[in-house]
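> need coordinates for the below:
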Amino acid sequence: MSLALRDQTIAGMRKEVQKRREMLLDKMREIGKTHEDNPRLKEISEAYRTYFETELERKEKQKNALIALSEHIDELVADNNIALAEARYHQKDILREIRTIEKEKNKILRALE
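Predicted coordinates:
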């Protein structure tokens, strides 16, 4: 498989995962509105909530790891162990990923309200 085809496949998979995550959030919101009438829905609602709370914790750990990585790159630049241009390139990637994580966390938090 060529590198370009592999990248396209990965991008497609990421989009599909994102669609499914959105679907789960929508289902959780829907069930959350109607679970008072049905005890079984209340259990399902709690299961969704538990899943997304765990997901929030995972996102926070990812964010903290990326921040630590960015700080490590700063240290490497200060010690002249890495070129400044290369460091900026990697830090842009890290910051973009942190923004993505924050957006995902915010979506989950809005759904949990």
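
> going forward, measure contacts and count neighbours with C-alpha atoms only.
Fine.

> over to residue 83: give its phi and psi.
Dihedral pair for residue 83: phi -70, psi 140, per degrees, to the nearest 10.

> now swap in the one 3 residues further on and tell me
Torsion angles at residue 86 (phi, psi; degrees, to the nearest 10) stand at phi -70, psi -40.

> what about it, how many residues nearby?
11 (other C-alpha atoms under 10 Å).

> and the helix or strand hosting residue 16, what does it pack onto?
In this assignment (DSSP states H and E), residue 16 forms part of helix 3-34. When contacts are defined as 3 or more C-alpha pairs under 8 Å, 6 or more residues apart in numbering; DSSP states H and E, helix 3-34 packs onto helix 39-78, helix 84-112.

> now the angle from the longest one to helix 3-34?
With axes from the mean of the first three to the mean of the last three C-alpha atoms, to 10 degrees as the basis, helix 39-78 and helix 3-34 are set at 140 degrees to each other.

> now helix 39-78: how far from the chain's centre is it?
7 Å (C-alpha atoms, centre = their mean, to the nearest Å).

> got the buried residues for it?
Buried positions in helix 39-78, judged by neighbour count with 16 or more other C-alpha atoms under 10 Å: 41-42, 45, 48-49, 52-53, 56, 59-60, 63, 66-67, 70, 73-74, 77.
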